[in-house]
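Peer 1: predicted model and sequence below, questions to follow.
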Amino acid sequence: MRYINLLNPTFIFCYYLIFLIVITFYLFRKKRTVILILVIICINILLLFLIDDFYFSGEKLLLHIYQALCMFFGALDYKDIILSAKNNFLYDYLRLIIPFQFTISIFYSITFTISYFSFLLDKKIYFFLRKNIYVFSHLNPQSITLAKDIFHQKKSNIVFCHIDDHSQYYKTYLKDLKQINALLIDKSIKDIPLKKNASVFLISDNDITNIHLLEQISQHINKNSCLDFIKCFAEKKCCISHIGNIKKNELIIYPFIKQRNHEIYADNTVELKTPVKVINEVDLIIDDILLKQPPLPTGKDIKIIIIGAGKIGTRFLKALYWYCTFPDVTVTITIVTPHCSQTIHELSCDCPEIFNNKTKIKMSNTFIIRKSKKIIFKEYDVRNRDFINYIDSNDFDYYFVALGDDNLNAQTSIKIRQSLAQHYFTKKMCFSKPIITIIMDQNLNNIVSNMKAFTDIKNPETIFYNYKIDCYGRYNDIYSWAKIINNPLIKASAKVFANREKSSKSSENNPYKIKKNDFQCNHRSNIAFVLHIQCKLHILAKNQYQLAIIDDKKENQVSFESLLKENPCDILPQIEHERWRCFYETEGFQYVDNTTIIKYQNDFGLKNYLAKLHPALCNQKELLERKNKFKTKYIENDINLISNIDHIIENELFIKN
């Protein structure tokens, strides 16, 4: 840990200041000493006025300079001072203290010199290093977890801002900070110069704080950056949508925002000439689940149960709504919550196109959307016997538990596991059904994940089925290099964006060109496209393929391109349009009829995202009719994306079971 941390300077500063004042008044005949001390004091007072522009613990450095120099020059003429004060009452005091002061000044000067050169080395590392600089706005469990993983992956230079020596986090993570050799700064991240080659993480525990820092950094970059820096981004027309075109030497800002409704501030109030990538930990968890263990249909229907309607549960419901867009497959999603009415009311406000009186079945808590999707709300308390009876009496294909408490999630998942095991003994049926739960505590996560498998009583050596509980949500998994910086989903989604942008630029009259102020919505839609295409490829392979392991033989690997050539008619643009339509319905967008579109034909493309009305939020047949009126390229974009799947996901491989 690179940090100037000598003796506490307050006491030493006060003591020697009094001592020098005494010498000045009683030994005024030593003009050289008095003048030298006064010059030193004036220089340091001048530095005090400049200290606000000094970014690395300047106040402490100033005190060290003052102490070392004053002690040295004060002790330089100690013999003459003692002789001059021989007849003075200070003689005994000076005879003892000045030699001691001279000895201490030598030691302190050496210590200060070492610390000062170490400090200059830190300045060199931050100001002159050309790669691998990662700056964190705050010290907390999330930032230290991410910093440790980045350091182990890249051996990078880690910088923490807003450090308080007396805070609990500082005392808790002091050992970790030393291990990663972090540079600590006591000033806010908005007060330090941000280098072009740095990655900046706005990672406080409060969304509004992160957004406020983003806005302040925006003003700093736009006003105080050099003209070449601004011109570089202006020529590239770089905005927060251009994540896929980031060069290695560009400044990247990662604001961490947990609440979806706070993202609108980052999208619409901040205009940066540098890329911004909003990180949402819930999205990272859900994307990881859909990537590794998605719900896949085995027949004409699939039944999914979500236990818990909190932040993660409702977000997973929305993700499943667009993810489970399968041709000729009926999807039934059951939500278990102790407060049905409140949950339905909140979802009807967030997704009015899905949860409304037209889709709701009268006298029930069931919603049917376009005959292929059914959402059922059940009011149960997971700690009561009624919930266990409901699980025992119903058959589901996919279980997801997110109750907002790690212990409750673990206990509920174990009960479901027990219920599935009882099915084997009572019905002599073995079911291969995923049980997914969210456990953020690392120790409990490991315990539940490593629970022993059931074995056949007659043949104990053979595991007939491992009713495994798959746990997600660990800090080490979420806040990591692989998930935030080097995420393959982000890279693939950037190719999707580049493909759409290229298609949009081909027509200058296209009013629906992607704007940077709706970046987050489109960015998530691009990720959704990648996840859904991967799901389709899983289905095409009929569960005969899994993600490849690096050490496997190449002859067993099958690329996406060859898989698509074998099934050219199974992935169609109309399926992608339906997926896109479902996604934007979960984002709160609503259907617009032809009358409304004609009325706002001239400026609809500029205001539709603000009003959350979209002209393409209709079925494929109606979209073909609207195509000629508005000269939209939605259908062409879908066809273009489907045609370039092999390029978008070129590095992904599949392997046979």
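Peer 2: Yep, it's here.

Peer 1: any stretches of the stretch 451-600 of the chain with poor pLDDT?
Peer 2: The stretch 451-600 of the chain contains residues with pLDDT under 70 at 452-466, 503-519, 540-571, 598-600.

Peer 1: could you pull out the strands for it?
Peer 2: Counting by DSSP state E, counting those that start in this stretch, the stretch 451-600 of the chain has strands at residues 469-472, 545-547, 557-559, 590-591.

Peer 1: got the contact list for the shortest one?
Peer 2: Spelled out, that is strand 590-591. 352, 353, 612, 613, 614, 617, 618 (Cβ atoms under 8 Å, 6 or more residues apart in numbering). All C-beta atoms are positioned from the backbone trio N, CA, C, and that covers glycine.

Peer 1: could you turn the buried ones of those into a ChimeraX selection?
Peer 2: Buried subset of the contacts of strand 590-591, written as a ChimeraX selection, criterion 16 or more other Cβ atoms under 10 Å:
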select :353,613,614,617,618
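
Peer 1: for the contacts of strand 590-591, which one is nearest residue 327?
Peer 2: Nearest to residue 327 out of the contacts of strand 590-591 is residue 618 (Cβ to Cβ; 18.3 Å).

Peer 1: and the closest one, what does it touch?
Peer 2: Contact partners of residue 618, counting by Cβ under 8 Å, 6+ apart, are 581, 591, 626.

Peer 1: tell me the SS of residue 200?
Peer 2: strand (DSSP: H, G, I helix; E, B strand; the rest coil).

Peer 1: what about it, how many neighbours?
Peer 2: 26 (other Cβ atoms under 10 Å).

Peer 1: that one and residue 214 touch, don't they?
Peer 2: No: if you go by Cβ atoms under 8 Å, residue 200 and residue 214 don't touch, sitting 9.4 Å apart.

Peer 1: overlap of the contact sets of these two?
Peer 2: Shared contacts of residue 200 and residue 214 (Cβ under 8 Å, 6+ apart): residue 253.

Peer 1: can you give me the strands for the stretch 301-450 of the chain?
Peer 2: 301-307, 330-337, 366-369, 373-379, 398-401, 435-438.

Peer 1: which strands or helices does the first one pack on?
Peer 2: To tie it back to what came earlier, the one meant is strand 301-307. Packing contacts for strand 301-307, counted by 3 or more Cβ pairs under 8 Å, 6 or more residues apart in numbering; DSSP states H and E, involve helix 311-323, strand 330-337, strand 398-401.

Peer 1: could you dump those to CSV with mean neighbour count and distance to residue 471?
Peer 2: Below are the helices and strands packed on strand 301-307 laid out as CSV (neighbours: other Cβ atoms under 10 Å; distance: least, Cβ to Cβ, whole Å):
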stretch, mean neighbour count, distance to residue 471
helix 311-323, 21, 13
strand 330-337, 21, 19
strand 398-401, 25, 10
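
Peer 1: now those as JSON lines including distance to residue 648?
Peer 2: Formatted as JSON lines, the helices and strands packed on strand 301-307 follow (distance: least, Cβ to Cβ, whole Å):
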{"stretch": "helix 311-323", "distance to residue 648": "17"}
{"stretch": "strand 330-337", "distance to residue 648": "25"}
{"stretch": "strand 398-401", "distance to residue 648": "27"}
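
Peer 1: neighbours of residue 381, just the number please.
Peer 2: By other Cβ under 10 Å, the residues close to residue 381 number 11.

Peer 1: would you agree it is in contact with residue 403?
Peer 2: No: taking contacts as Cβ under 8 Å, residue 381 lies outside contact range of residue 403: 10.4 Å.

Peer 1: returning to that earlier point: between the strands of the stretch 301-450 of the chain, which one is closest to residue 205.
Peer 2: Relative to residue 205, the nearest member of the strands of the stretch 301-450 of the chain by Cβ to Cβ is strand 435-438, separated by 19.0 Å.

Peer 1: tell me what that closest one is packed against?
Peer 2: strand 398-401, helix 406-427, strand 469-472.

Peer 1: so what are the sheet partners of it and their directions?
Peer 2: Strands that pair with strand 435-438, judged by DSSP bridges, come out as strand 398-401 (parallel), strand 469-472 (parallel).

Peer 1: I'd like these laid out as CSV, including distance to residue 329.
Peer 2: Putting the strands paired with strand 435-438 into CSV (distance: least, Cβ to Cβ, whole Å) gives the following:
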stretch, distance to residue 329
strand 398-401, 13
strand 469-472, 23
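
Peer 1: who wins for proximity to residue 160 among the ones you listed?
Peer 2: Of all the strands paired with strand 435-438, strand 469-472 sits nearest to residue 160, with 27.7 Å by Cβ to Cβ.
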